[in-house]
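# What follows is a predicted structure for the sequence shown.
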Amino acid sequence: MREMSLAALAVVSLALLGCAGNGTSEAVATLKADPADVIAAGAVLPVDGVTSSGQPDEAALEVYANSGYAAVIDLRTEREPRGMDEKAVVEGLGMDYVLLPIDGSAAINFENAAALDKLIDGYDAPVLVHCASANRVGALLALANVSDGMDDEQALEYGREAGMTRLEGAVRRILDDD
């Protein structure tokens, strides 16, 4: 699903952003979306069927539902506060809620990346994948892309675009050991 090269990703992103500038769409169109930007725009477009994000609130989740998203995949652990009953809100908006708890850098591995990839691939419509900041999302997407055959450096760049920050070192160590 995410075998698109970074060059193609950039072209798609620029094309979508160009549409926004022409008045045909005001939707947020980046791999990593800031919840406040999503709310302000009132619409969001996925990149390759996925949008990553930090913790969304109810208003952002409503925009995702209205933008045709099928599911919200939550990488936060059960003990992390969300400010709402996220499962109830998501399901009340007609989307699936999937909890895939990723607890720190020890849970950043190819097994969890494959589990996330399988969840994403299970939907024919866009999905939102979030944690607190999108750091875990980006790290797992980078590893998933390596598993899908993407070059390590391209996968790391994809991970950064999806929100990976502090976990890049952990991902690099995993790639070095692979």
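In hand now; what should we look at?

# Show me the contact partners of the host helix or strand of Val38.
Using DSSP states H and E, Val38 maps to helix 35-41. By CB atoms under 8 Å, 6 or more residues apart in numbering, the residues outside helix 35-41 that reach it are 26-28, 44, 53-57, 59-60, 63-64. Glycine gets a C-beta too; all of them are placed from N, C-alpha and C.

# now do 10 Å
20, 25-30, 33-34, 44, 51, 53-64, 67, 128, 130 (CB atoms under 10 Å, 6 or more residues apart in numbering).

# swap in stretch 74-83?
52, 55-58, 86-87, 89-90, 97-104, 107, 112, 116, 128-132, 134-137, 139-140.

# In stretch 45-54, which of the residues would be classed as buried?
Neighbour-count burial for stretch 45-54, with 16 or more other CB atoms under 10 Å as criterion, is recorded at Leu45, Pro46, Val47, Asp48, Gly49, Val50, Thr51, Ser52, Ser53, Gly54.

# how far does that stretch stretch from start to finish?
16 Å (CA to CA, to the nearest Å).

# quick one: average pLDDT of it?
Averaged over stretch 45-54, pLDDT sits at 95.

# go on, stretch 68-85?
Stretch 68-85 comes out at a mean pLDDT of 97.

# Return the set of buried residues in it.
Neighbour-count burial for stretch 68-85 [16+ other CB under 10 Å]: Tyr69, Ala70, Ala71, Val72, Ile73, Asp74, Leu75, Arg76, Arg82.

# re earlier: what comes up buried for the helix holding Val38?
Pro35, Val38, Ile39, Ala41.

# Tell me which residue is most central in this protein.
In the chain, the centroid-proximal residue (CA atoms, centre = their mean) is Ser52; its distance is 2.3 Å.

# wait, it sits on Glu161?
Yes - using CB atoms under 10 Å, Ser52 is in contact with Glu161, at 8.6 Å.

# Mutual contacts of these two, please.
Joint contacts of Ser52 and Glu161 (CB under 10 Å, 6+ apart) are Thr30, Leu31, Lys32, Ala134, Gly138, Leu141.

# before we move on, which element is the fifth one in?
So that's Gly138. helix 135-147.

# moving C-terminal of that helix, what's the next helix or strand?
helix 152-161.

# so that next one versus helix 135-147, what angle?
Angle, helix 152-161 to helix 135-147, by axes from the mean of the first three to the mean of the last three CA atoms, to 10 degrees: 150 degrees.

# which outside residues touch helix 152-161?
Outside helix 152-161, the residues touching it (CB under 10 Å, 6+ apart) are 2, 4-7, 9-10, 13, 30-32, 47-48, 52, 134-135, 137-151, 164-165, 167-168, 171-172, 175-176, 178.

# May I see the buried residues of it?
So helix 152-161, judged by 16+ other CB under 10 Å, has buried residues Gln154, Ala155, Leu156, Glu157, Tyr158, Gly159, Arg160, Glu161.
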